[in-house]
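Trainee: Quick one, fold the following:
(2 chains)
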Amino acid sequence: MLVTLSIAGYYGYILFKADNKQALLIGETSHGHFQIELACSSCHTEAFGGPELIQEACVGCHGAELTEANDTHPKKKFTDPRNADRLSVVDARYCVSCHTEHRKEITAPMGVTLPEDYCFHCHTDVGGDRESHRDLAFDSCASAGCHNYHDNRALFEDFLVHNHAGPWLKEIARLTNPNGAAILASKRVPEQQPTFPEQKAAHPDIHQEWSGSSHADAGVDCGGCHSDVSSGEWLENPGIAQCQTCHIHEAESYKSGKHGMRLAQSLPAIRPADSKMPFKETALSLQQGCNSCHSAHRTDTLFAASEACLTCHNDDHSRGVDSSPHGQLLTQAIAGAIPVEQAVSCATCHMPRAENIIDQETVVQVNHNQNHNLRPNEKMIRPVCMQCHSLGFSIDALADPALIRNNFNGKPANHIPSIDWSLKRVAD
Amino acid sequence: MKHIKKIALITTLLTGSLVITACNEAPPAKAGIPPKLYTDSLFAVMNADRANYTKLIIQRLGPNGAGAIKPDEHWKEIGNGALLPAQMFRAGSEAVAEVTDEFTYSLQSLWPINKQNAPKTPLEEEGLQYTVDNPGENFYGEEKLGDVTYFTAVYPDVAVSPACTTCHNDHKDSPRTDFDIGDVMGGVVIRVPL
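Mentor: Here you go, the predicted model:
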């Protein structure tokens, strides 16, 4: 009796009063969510809410991306009563039916907690409909370059057919440069900024550094960043809130990705030590923030796009940059030998440029969500790879894990037949 | 005489009380809208909207008219892409599904380009076949799906323009390549839970 009461009391205290709810975690969280596992209310918005509330939480963070991806299996496909028999296989109206959290032991890539042959249980007639698929394994549907449950933008048949031609490397391969800051500065930089002449006098070297930066060009003075947004008082260490007053898109996309998702839940920013990925020893306790990549008083976006990443990241792919063809272009660009548009930096692939319409003007900005096109990696094909490479080459390259690991130092090992099969169906 | 008066009075009172109680009864309940009228009305709106979209938007602004929009199966992929009328119809049904489940509707066919639009339930198959075999007629029936009984109506979808037949006949995924103008190509299936 006493033991029961004390256990109940302990957990009750944690549930209602304690800040650190670590003890309530029933199982290890997935790679996607482990950063915010202690912010229980980010998913469990209310007690006794049921699946609808959790679904709202999922859609709150991931909904926009799924809509943009032209989700192949949206909820609305399963709400018609004629599809009720499908729901008895998997209740595809809810994210958690396939992506159950806290079950690390059964979690496959992309957070999927279903057996890998789940596709077949609804698509039972594939073998009859497609001669080419007759002998494929039941769990091979979501193989690289074939099919994805949600995002098939680079993989649907007509796209494969329309884009089957072209050399593996385009003759003129260059990327669009971001121009967001240049276009928006005049609209966003405030006319009046608090001034701190005594601080300026006390730090002549910083002032010197700043005067060569883009902020100086845009008219952003010390007070533009080093002042509290509401009180206007001197702020020694500006945080993302200050950057966000002008760099809205960058800050929002940053907080959507793995670098900033803790900040989005009002948790302290992530440090390499908190993650299981390989990181450099010297960087383990560095806390993430805008300044992790962007020097405060100097503008060097090429540094932010490449060497900054290598301050922390120490996996095979990152270490392979220098010797890879992409990395060699980068080295040349840093040395000034080739224009920046022809170089491939870490950010080229992992923080792609996006065209956004702001005030009826097309603005090219950098999407700071480094996770946006990471998994499944076919997401990278259209906005990134195909700027320089053909569709077929991109699919083959992204389907070769060894090639990805060594940062594309070599040619793809296997050829994925997706395009060939699609062309054959057209010919027949 | 007295007896006759008494009998007359009592009779009057009795009749009066009967009349009064009858008048005080609640008026008979209004009849609900018959399911057939309900689905016919819905179909009238759906059909009118699709016909208007085809005539006033696709024909006027598409390749046969001003050339300002490009109706295409993959309309999202191309500049100024526009939904095909069948896709617009389907978009309407999806939008309705997000707002209510008091009725659902879909565009189906015995020869669909996309297999998901083939009839799923025996009644759908029967209804679609009926509209093919009996030109000009609609099909009405009831079926039980899960533990709910539905009133299901199937309205024939007739090829009214060469745009319908040529696209379907030329499409690589179409099971039938010999559609003519005036053929029943498929049907609108409207389902109402009873």
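Trainee: Please, where are all the strands along the stretch 251-400 of chain A?
Mentor: Here the stretch 251-400 of chain A has its strands, by DSSP state E, counting those that start in this stretch, at A:353-358, A:361-366.
Trainee: Show me what the mean pLDDT comes to for the first one.
Mentor: Confidence over strand A:353-358, taken as the mean pLDDT, stands at 87.
Trainee: mind listing what's buried in that strand?
Mentor: Buried residues in strand A:353-358, counted by 16 or more other C-beta atoms under 10 Å in any protein chain shown: A:R353, A:A354. In short, each C-beta sits where N, CA and C put it, glycine included.
Trainee: and A:D217, how many neighbours?
Mentor: By the criterion of other C-beta atoms under 10 Å in any protein chain shown, A:D217 has 13 neighbours.
Trainee: Give me the phi and psi angles of it.
Mentor: With angles defined as degrees, to the nearest 10, A:D217 shows backbone torsions of phi -60, psi -40.
Trainee: any chance of the strands of the stretch 251-400 of chain A in a markdown table, plus distance to B:N80?
Mentor: Below are the strands of the stretch 251-400 of chain A laid out as a markdown table (distance: least, C-beta to C-beta, whole Å):
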| stretch | distance to B:N80 |
| --- | --- |
| strand A:353-358 | 16 |
| strand A:361-366 | 16 |
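Trainee: Mind checking those for the one nearest to A:C312?
Mentor: strand A:361-366 (18.7 Å; C-beta to C-beta).
Trainee: doesn't B:F179 make contact with B:C164?
Mentor: Yes. Contact criterion C-beta atoms under 8 Å: B:C164 and B:F179 qualify, at 7.3 Å.
Trainee: Residue of the stretch 151-300 of chain A closest to chain B, please.
Mentor: A:D158 (5.6 Å; C-beta to the nearest C-beta).
Trainee: show me what contacts A:S275?
Mentor: Each residue near A:S275 by C-beta atoms under 8 Å, 6 or more residues apart in numbering or on different chains is listed here: A:F34, A:Q35.
Trainee: make that A:N356, sorry
Mentor: By C-beta under 8 Å, 6+ apart, A:N356 lies in contact with A:G180, A:H249, A:T362, A:V363, A:V364, A:Q365.
Trainee: Also A:C98?
Mentor: So A:C98 contacts A:V90, A:A92, A:V112, A:T113, A:L114, A:Y118, A:Y149 (C-beta under 8 Å, 6+ apart).
Trainee: Let me know the closest of the residues you listed to chain B.
Mentor: Closest to chain B out of the contacts of A:C98 is A:A92 (13.1 Å), distances taken as C-beta to the nearest C-beta.
Trainee: so what's the residue positioned nearest the centre of chain A scoring on pLDDT?
Mentor: Nearest to the mean C-alpha position of chain A, by C-alpha atoms, centre = their mean, lies A:N371 at 1.4 Å. Looking at A:N371, its pLDDT is 91.
Trainee: And for it, nearest residue in space, chain neighbours not counted?
Mentor: A:G257 (4.5 Å; C-beta to C-beta, 6 or more residues apart in numbering or on different chains).
Trainee: go on, A:G224?
Mentor: In space, and not counting its chain neighbours, A:G224 is closest to A:Q193: 4.8 Å by C-beta to C-beta, 6+ apart.
Trainee: related to what we said a few turns ago, may I see the buried residues of the helix or strand that contains the residue of the stretch 151-300 of chain A closest to chain B?
Mentor: Per DSSP states H and E, A:D158 falls inside helix A:157-162. By neighbour count with 16+ other C-beta under 10 Å, helix A:157-162 contains the buried residues A:E157, A:F159, A:L160.
Trainee: circling back: check contacts around the residue nearest to A:N371.
Mentor: Counted by C-beta under 8 Å, 6+ apart, A:G257 has contacts A:H368, A:N369, A:Q370, A:N371, A:H372.
Trainee: ok, now which ones touch the fourth one?
Mentor: For A:N371, the contacting residues are A:S256, A:G257, A:K258, taking C-beta under 8 Å, 6+ apart as the criterion.
Trainee: would you turn those residues into a markdown table with pLDDT?
Mentor: Shown next, in a markdown table, are these (pLDDT from 0 to 100):
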| residue | pLDDT |
| --- | --- |
| A:S256 | 92 |
| A:G257 | 93 |
| A:K258 | 93 |
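Trainee: between the buried residues of helix A:157-162, which is nearest B:A118?
Mentor: For the buried residues of helix A:157-162, the nearest to B:A118 is A:E157 (18.6 Å; C-beta to C-beta).
Trainee: What is the burial count for residue 102?
Mentor: All of this refers to chain A. If you count neighbours by other C-beta under 10 Å, A:H102 ends up with 14.
Trainee: Hmm, no, I was thinking of chain B.
Mentor: Using other C-beta under 10 Å, the number of residues around B:E102 comes to 9.
Trainee: Can you tell me the SS state at it?
Mentor: For B:E102, the assignment made with DSSP: H, G, I helix; E, B strand; the rest coil gives coil.
Trainee: With B:S106 instead?
Mentor: Three-state call for B:S106 (three-state DSSP): strand.
Trainee: okay, and the common contacts of B:C164 and B:F179?
Mentor: Counting by C-beta under 8 Å, 6+ apart, the residues touching both B:C164 and B:F179 are B:M185.
Trainee: helix or strand right after the worst-scoring helix or strand of chain B on mean pLDDT?
Mentor: Every helix and strand in chain B was compared by mean pLDDT, DSSP states H and E; the lowest is helix B:2-24, with a mean of 65. Stepping forward along the backbone from helix B:2-24, the first helix or strand reached (DSSP H and E) is helix B:35-52.
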